[in-house]
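# Sequence and predicted structure are below.
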Amino acid sequence: MFPAIPLRAAAAALALALPLAMQSGAPVQAQSSAPAKDPVVATVNGEKVMLSDLRALHADLPEQIRKIPLDRIYQPLLEQVVQIKLLAAKARADGLDKSPPIERRLRALTDRVLQQAYLEDHIDKAVTEDQLAKAYKEFAAGHRGEEEAKARHILVKTKKEAMAVIEALEKGGKFAELARKTSIGPSKAGGGDLGWFARGQMVKPFADAAFALKKGAYTGVPVKTQFGWHVILLEDRRRKPPPPFEAKRAELKAELGRKLAVAEIERLQKSASVVRFGPDGKPLDDAAPARKEDGQEKKQ
C-alpha cells in the first residue's frame, strides 16, 4: 500500500500554522479587488487554484478550526492547498493514480462525496418551511424548560447589617432603593436586580433560599454565602421558554433530514437489485432486504 496524507494530518499541520496567522494582524482578503466570485488565488505549475478550492478544504476541516472565519486562516489554508496540489501532481507523474489500490480508494471517496451531495440536495429540496414550522410547534409544545427565578438581592458584609435591611423592609422600605443605598454587590446600581436565573447558576445556599420563596416575598432570615450576607426578594418565577424558531432551525432541519435520508435509502433499496456476500463469497440471503422486481415484492 502507498502512504497517504489523511485530512486529519492536514488539519494538524494547518493547526500549527494558526498561531502565526492569528498574530499577523488584519484578516487577509482573497483578491478583494477582483470582481470575480471565484477568483484564482494561486497557480501551481500552471494549474489554477480557485477560492472555491480553499472554501471546500475549509468546510472539511474539524469543527474547532472550521469555526474560524476563512479570512483569518487564509494564508495557512492557501499553503495547504498548494502543498496538496504539488503532492497530487507528483503522485500522478509517478503513476500512483493508476495503481489498483489507489483507484479503489479514489472510487470509494468519489462515491462518498456523491452520496453526501445527493442527500444534501434531496433534503434541501424536500424539507419545506411548513414542515419546519410544524416540527418547531411540536418541539415547543413538548418543551419543559428548567425552572427559573427573577430576583433582587442586597449583599452586605455582616449578619447585623442584613438584619437592619430586613427591619427597614418590614417598615415599608423599598427593596430597590435599599439595594442602591446599602448593597456592596455588583448589582447595586440596578437596585439589586439579578434578572432571570436557573437554580444551578447560583451558589447552593442562595439558590435554595430564592427558590423557596413565594412570588413577591423576601427572606426574613439573612442568607450566608462565601460572598457575604444576602437579603433576597423573589419577583417572579417561570419555566425557561423554548429557544426561538431561528435558533432551532438548523437542528430541526437536521432531524427532518435524517428521517428523509433513511426513507430515501429504503426507497432506493426496494427498487434496486442488491445481492450481499460474506467474506467467504457466499450470498447472505438472510441479510438481504425485501425488494421489488417486475412489480412483485420478494422477501428473502
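Looks like it arrived, so ask away. Numbering: from 1, shown residues only.
# Flag every buried residue along the helix or strand in which L109 is found.
If you go by DSSP states H and E, L109 is part of helix 100-126. Residues of helix 100-126 classed as buried: I102, L119, I123 (neighbour count, 16 or more other CB atoms under 10 Å). Glycine gets a C-beta too; all of them are placed from N, C-alpha and C.
# for the residues you listed, which one is nearest M202?
Nearest to M202 among the buried residues of helix 100-126, counting by CB to CB, is I123 at 42.1 Å.
# Spatially nearest residue to the closest one, not counting backbone neighbours?
Nearest residue to I123 in three dimensions, chain neighbours excluded: G257, at 4.0 Å (CB to CB, 6 or more residues apart in numbering).
# quick one, phi psi at that neighbour?
Note on G257: its backbone torsions stand at phi -60, psi -40 [degrees, to the nearest 10].
# For it, give its distance to D53.
According to CB to CB, to the nearest Å, G257 stands 27 Å off from D53.
# These two: who's more crowded?
Remark: of G257 and D53, D53 carries more neighbours, 20 against 17, as counted by other CB atoms under 10 Å.
# which residues in the stretch 151-300 of the chain form helices?
With DSSP state H, counting those that start in this stretch, the ranges of helices along the stretch 151-300 of the chain come out as 159-170, 175-182, 204-212, 245-271.
# Output these as CSV; include the columns mean pLDDT.
Output for the helices of the stretch 151-300 of the chain, formatted as CSV (pLDDT from 0 to 100):
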stretch, mean pLDDT
helix 159-170, 98
helix 175-182, 98
helix 204-212, 98
helix 245-271, 94
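# how about the ones you listed in TSV, adding distance to K188?
Below are those laid out as TSV (distance: least, CB to CB, whole Å):
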stretch	distance to K188
helix 159-170	13
helix 175-182	6
helix 204-212	16
helix 245-271	33
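# and of those helices, who's closest to V44?
Using CB to CB, the nearest of those to V44 is helix 245-271, at 35.8 Å.
# List the buried residues for the closest one?
Within helix 245-271, the residues that count as buried by 16+ other CB under 10 Å are K248, L252, K253, L256, G257, L260, A261.
# ok, back up a step: out of the buried residues of helix 100-126, who's nearest Q269?
Distance to Q269, by CB to CB, is smallest for L119 among the buried residues of helix 100-126, at 14.3 Å.
# Pretty sure that closest one sits against V262.
No: here L119 does not reach V262: they are 10.3 Å apart, not a contact under CB atoms under 8 Å.
# and the nearest residue to K224 once chain neighbours are set aside, what does it touch?
Spatial nearest neighbour of K224, chain neighbours left out: P205 (6.4 Å); criterion: CB to CB, 6+ apart. By CB atoms under 8 Å, 6 or more residues apart in numbering, the contact list for P205 reads V223, K224, T225.
# before we move on, what about L54?
By CB under 8 Å, 6+ apart, the contact set of L54 is A30, V41, L70, Y74, L77, L78, V81.
# one step back: pLDDT and distance to R239 for the buried residues of helix 100-126 - can I get that in CSV?
Below are those laid out as CSV (pLDDT from 0 to 100; distance: CB to CB, whole Å):
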residue, pLDDT, distance to R239
I102, 96, 58
L119, 94, 37
I123, 93, 32
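# Dump those to TSV, plus distance to E161.
Formatted as TSV, the buried residues of helix 100-126 follow (distance: CB to CB, whole Å):
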residue	distance to E161
I102	78
L119	65
I123	62
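# Just give me the closest of those to A272.
So of the buried residues of helix 100-126, ranked by how close each gets to A272 (CB to CB), first place is L119, at 16.2 Å.
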